[in-house]
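Trainee: coordinates for the following, if possible.
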Amino acid sequence: MTKSGHFAREAMNTFGESVVRREDPRLLTGQGRYLDDLGLDALAAAFVRSPHAHARIVDIDVGGALDVDGLVAVYTWEDLPGRVGEPLPLLIPHPALTHGRTAYPLARDVVRHVGEPIVMVVAQDRYVAEDAAERIQVTYETLPAVVGIENAADAAHLVHEDVPGNIGARLLQEVGDAPAAIDAAPHVLEFRLDIERSASMPLEGRGVYARWDADDESLRVYSSTQTSTSVRMAIAAKLELSPNKVEVIAPDVGGGFGVKIVHPWPEEVLIPWAARLLGRELKWTEDRREHFVSSAHERGQVQFVRVGFDDAGRVLGMDVRILHDHGAYTPYGIIIPIITSTQLLGPYKIGAYRAEVTSLYTNTVIVTPYRGAGRPQGVFCMERTMDRIARHLGLDRADVRAVNFIQPDEFPFDQGLIFQDGRPLIYDSGDYPEMLRKAKELIDWDGFEAVRAAAAAEGRRIGIGLACYVEGTGVGPYEGGHVEVDSSGQVHVSTGLTSQGQGHQTVFAQIAATELGVPIEDVHVTTGDTRRFGYAVGTFASRAAVMSGNAIALATRKLRDKALRIAGEALEADPRDLEIVDGVVQVRGNPSAAIPLRTVAVLSNPLRYAFDEEAQRATQFASRMGGTADQPPVAAGEEPGLEGKDYYSPVRSTFAAGMHAAIVEVDQDTAEVRILRYAVVHDCGRLINPMIVEGQIHGGVAQGVAGALYERMVYDESGQLLNASFMDFLMPYATEIPRIETDHLETPSPLNPLGIKGAGEAGVIPVSAVIAAAIEDAEGFRISAMPISPDELFHLRIAQAREPAGLLGERGTSTPPAL
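Mentor: Here you go, the predicted model:
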């Protein structure tokens, strides 16, 4: 018990401590509340989706569905009124996106990928809705499908008739004269790299549940989304409602990974619209095949690299031409290739740099951010380049990286480009040489040759790889936080962005508890509910801790200042002499002169009526309220209640960094790859909760391993996705994921009050590059395309035996097409 008579619970300063995730007991014991747990008595929707990648809709015959018992309604595009029937918004316009195109909620005349929705069916339950949908007959005139980046670039056929060459965007960023620097360099290399398509696979797919209150003319929508406030604004705009009449709530979300940052999905417009029209609750949840063919994919790029360097491996000039597949539509703009072309630079000083992006339409599912969001492609490009340089010069791969590093005394470092937030690409802090030292020590880089020799003596083939990255995190424009202490002393924290498993209920509580001086057990966090916080941007780009974390800290500081002022009046003490310990405001050095924070909360709200003994202290005849007659009970500029609200808006992004190293073994007979060791050193500024950061890194590495060795989207020439099920789409089990050794470096960001950077996407970013490097080191020939399967590696071995000097591993011509 403390001197003030209160039991001390968990230490107040939990910032930097590995506090166990507070949300886990509820989620792990089946008490989570996901989208499909809601609206059990609601009507259900199902969709007729296109079986063709490219076709003209000739006729839609719904007659066969009308006799299905339990059918409520059938809608096609022709039934959609006004703004509901207009194309979905292009969320992030860009001057380079000269031919941006978005889909209609229900296809109008032409379908442009398998899975595009054409008809919505509403019925008493999902079974009936699916039965009715199967009876609807759609007549198509098939059109040539454009599948694959090369076919899109050839432009023999067009995805959109009014988009010449299938080119949605051309983007050029450059610093210096890269072609001239390369031509003048002592050494020049030129090669091609490929990254194939993949996709996120959250345990819970997308889903929407809506109910309309006719008396109040208001709409409540639950969506499995990463941005409830933006979904709210989109629905209000499409349905021509005041935003004040629309509530959007993200319940527990079973994974997002970027696919749920897209908004509004067609279903997020159609379900609320139909719920209002019918005056009934309505729900739709995505099944797994729908997720494969009608949500979003990522990663697909072809990169043509030309680089010039000196005898030490120092890069003098680099020219990269990127062909990016953005699928059939561009609702999220060209954010992914922008990130690729800027984050490609990593922790390096490049003498002169030129990046030209051509973003192409194909008759495939749309491409939007997936954890990493363009960074894995950029890192693969730069790190494969560093390895090529080292091999060409016969130098240690780590030494080539080191000679190109930005040094600690060079921060802030301006790369001279424009990042995805529209702000300059200026790195705020870091220590890349120290990070490399830690990574080499963790994996025992210098001792590996002895390990290799021992393995070779046993007939085993092993290799080691290294990859570095810099990740722009905490992109703006803003997030907000609201913190309130109620009359029981409980602290309620609200922020508008959503949670999908990142540990926000723990991390945000740690920030508030530390700032306010209360036990973390007294802090309760709400996210993604527009009823509690109406303005926000969303959860993506490793931004939650940086954005909402700092906003919550600023809001808590406002609350704390107010609490000390009120307590100072009650204790007749100078607020500067007060502190808050264990939820009690006390005079420093004299804890007997104290007042509980719950009482301060009561005093903060002048009352006319007393509801209990505690409330009597805030009524008009109480001592504190009996001040001079010319002072109002609520002072000018003040508000009743003990609460604080603030927003954090950064001048630009913070830049986290990391280095990964791996040792792999490649089976000499089957070419199967097994990861023996995996090491990560990461710098995300000050660590709020090291255990949660490590969990994020581990999850990211697991997804990275999946993308390097297993997961890919396989389309045939007609645009059919051949592996659209978990029977055919390979994902690693826990047995395929290695034990991950981690270390941390903390270089605080000078850009925000907490000195933090983001960590959510970091683990996935360099994995393909590091695994490719390790396989290449083991096999002795180039790895230029990922993911790589045992079958592909086996055939590369055969090709190596036939043509030792060939351009092995490259999947096409190394000359970029003329576009």
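Trainee: so which strand or helix has the nearest residue to Val68 once chain neighbours are set aside?
Mentor: Residue nearest to Val68 in three dimensions, not counting chain neighbours: Ala132, with 4.3 Å by CB to CB, 6 or more residues apart in numbering. For every residue, glycine as well, the C-beta is placed using N, CA and C. Element membership for Ala132 (DSSP states H and E) is helix 126-134.
Trainee: average pLDDT for the helix or strand following that helix?
Mentor: As assigned by DSSP H and E, the chain's next helix or strand after helix 126-134 is strand 137-142. The average pLDDT within strand 137-142 is 98.
Trainee: do the same with stretch 580-592
Mentor: For stretch 580-592, mean pLDDT rounds to 94.
Trainee: would you work out how far apart the start and end of it are?
Mentor: Stretch 580-592 has its terminal residues 13 Å apart, counting by CA to CA, to the nearest Å.
Trainee: in it, what's buried?
Mentor: Neighbour counts over stretch 580-592 (16 or more other CB atoms under 10 Å) mark 580-587, 591 as buried.
Trainee: what lies in contact with stretch 724-736?
Mentor: 201, 288-289, 292-293, 675, 702, 705-706, 709-711, 713, 722-723 (CB atoms under 8 Å, 6 or more residues apart in numbering).
Trainee: how about the strands in the stretch 601-750 of the chain?
Mentor: Secondary structure of the stretch 601-750 of the chain, counting by DSSP state E, counting those that start in this stretch: strands at 642-648, 654-666, 673-683, 740-744.
Trainee: what angle separates the following helix or strand past the shortest one from strand 673-683?
Mentor: Toward the C-terminal end, the helix or strand that comes next after strand 740-744 (DSSP H and E) is helix 767-779. Angle, helix 767-779 to strand 673-683, by axes from the mean of the first three to the mean of the last three CA atoms, to 10 degrees: 130 degrees.
Trainee: need the next SSE after helix 767-779, C-terminal direction.
Mentor: strand 785-786.
Trainee: what's that next one packed up against?
Mentor: Using 3 or more CB pairs under 8 Å, 6 or more residues apart in numbering; DSSP states H and E, the elements in contact with strand 785-786 are strand 187-195, helix 767-779.
Trainee: helices or strands next to the first one in the packing?
Mentor: This points to strand 187-195. With 3+ CB pairs under 8 Å, 6+ apart as the test, strand 187-195 has strand 301-309, helix 375-393, strand 785-786 packed against it.
Trainee: would JSON lines of those with mean neighbour count, distance to Arg33 and mean pLDDT be doable?
Mentor: What follows is these, written out as JSON lines (neighbours: other CB atoms under 10 Å; distance: least, CB to CB, whole Å; pLDDT from 0 to 100):
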{"stretch": "strand 301-309", "mean neighbour count": "25", "distance to Arg33": "38", "mean pLDDT": "98"}
{"stretch": "helix 375-393", "mean neighbour count": "25", "distance to Arg33": "33", "mean pLDDT": "98"}
{"stretch": "strand 785-786", "mean neighbour count": "24", "distance to Arg33": "38", "mean pLDDT": "97"}
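Trainee: want to throw those into TSV with distance to Arg543?
Mentor: Shown next, in TSV, are these (distance: least, CB to CB, whole Å):
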stretch	distance to Arg543
strand 301-309	24
helix 375-393	14
strand 785-786	27
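Trainee: how many other residues sit next to the residue nearest to Ala44 when sequence neighbours are not counted?
Mentor: Take Ala44 and drop its neighbours on the chain: the residue closest to it by CB to CB, 6+ apart is Arg126, 4.1 Å away. For Arg126, the neighbour count with other CB atoms under 10 Å is 18.
Trainee: you'd agree Trp77 is up against Arg108?
Mentor: Yes: here Trp77 reaches Arg108: they are 4.8 Å apart, a contact under CB atoms under 8 Å.
Trainee: hang on, the earlier thing: need the helices and strands packed on strand 785-786 in a markdown table (columns: mean pLDDT and mean neighbour count).
Mentor: Shown next, in a markdown table, are the helices and strands packed on strand 785-786 (pLDDT from 0 to 100; neighbours: other CB atoms under 10 Å):
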| stretch | mean pLDDT | mean neighbour count |
| --- | --- | --- |
| strand 187-195 | 97 | 19 |
| helix 767-779 | 98 | 27 |
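Trainee: distance to Ala551 added to those, as CSV?
Mentor: Converted to CSV, these look like this (distance: least, CB to CB, whole Å):
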stretch, distance to Ala551
strand 187-195, 35
helix 767-779, 31
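Trainee: compare these and report which one is nearest to Gly463.
Mentor: helix 767-779 (2.9 Å; CB to CB).
Trainee: now that closest one and strand 187-195, what's the angle there?
Mentor: 120 degrees.
Trainee: tell me the angle helix 767-779 makes with helix 375-393.
Mentor: 30 degrees.
Trainee: which residues of the chain score low on pLDDT?
Mentor: Applying pLDDT under 70 to the chain picks out residues 1-12, 620, 623-629, 804-814.
Trainee: helix/strand/coil for the residue nearest to the spatial centre of it?
Mentor: Nearest residue to the geometric centre of the chain (CA atoms, centre = their mean): Phe540, 3.5 Å. With DSSP: H, G, I helix; E, B strand; the rest coil as the basis, Phe540 sits in coil.
Trainee: list the contacts for it?
Mentor: 226-227, 258, 261, 369, 373.
Trainee: and for Phe380?
Mentor: 193, 195, 768-769, 772, 786.
Trainee: nearest to Asp574, of the residues you listed?
Mentor: Ala769 (57.7 Å).
Trainee: need the contact list for that closest one.
Mentor: 376, 379-380, 382-384, 465, 467.
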